[in-house]
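K.L.:
model this:
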Amino acid sequence: MVKLKAQVVVMLKPVVNDPQGLTVRAGLHRLGFEEVEEVRVGKFIEITVTAADEAEGRRQVSEMCRKLLANHVIEDVRFQVEAVADREQAGAARTE
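P.N.:
As a prediction, the model looks like this:
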């Protein structure tokens, strides 16, 4: 078994209006950041999962994105997965 950390980014598709992004852009302009041309607001989700191997972990995260984390009609999703050291195992290895 391997412990994996997935970092998932969900963004509205470019053709979908982003009212929250427009509000943030307006706020930045009011604060003097006139050079800001466009703002898109999305979601960042970090998930730790245990899987048999990295391929299985990727499959699990992909399924999570498809079933819950993103609305594929209006949102794009991308993610990366990397192995993480189990803190308990790392601590035990240092004390031995």
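
K.L.:
Val84: what's it in contact with?
P.N.:
Taking C-beta atoms under 8 Å, 6 or more residues apart in numbering as the contact definition, Val84 lies against Lys3, Leu4, Lys5, Thr48. All C-beta atoms are positioned from the backbone trio N, CA, C, and that covers glycine.

K.L.:
Provide a PyMOL selection command restricted to the buried entries of those residues.
P.N.:
The buried subset of the contacts of Val84, as determined by 16 or more other C-beta atoms under 10 Å, is captured in PyMOL by this line:
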select buried, resi 4
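
K.L.:
ok, the contacts of Val84 vs Glu63, which is closest?
P.N.:
Leu4 (13.8 Å; C-beta to C-beta).

K.L.:
Check the secondary structure at the closest one for me.
P.N.:
Put simply, Leu4 is strand when judged by DSSP: H, G, I helix; E, B strand; the rest coil.

K.L.:
contacting residues around it?
P.N.:
Leu4 neighbours (C-beta under 8 Å, 6+ apart): Thr48, Val49, Thr50, Ala51, Glu54, Gly57, Val61, Val81, Glu82, Ala83, Val84.

K.L.:
quick one: it from Leu31, how far?
P.N.:
39 Å (C-beta to C-beta, to the nearest Å).

K.L.:
Kindly report the same for Gln20.
P.N.:
The gap separating Gln20 from Leu31 is 17 Å, by C-beta to C-beta.

K.L.:
my read: Gln7 touches Leu69, true?
P.N.:
No. Shown here, Gln7 and Leu69 do not form a contact pair, counting by C-beta atoms under 8 Å, at 11.9 Å.

K.L.:
Which neighbours do the two have in common?
P.N.:
With C-beta under 8 Å, 6+ apart, Gln7 and Leu69 have common neighbours Ile45.

K.L.:
Compare neighbour counts for Gln20 and Leu31 and give me the winner.
P.N.:
Set Gln20 next to Leu31 and count neighbours by other C-beta atoms under 10 Å: Gln20 wins out with 13 against 9.
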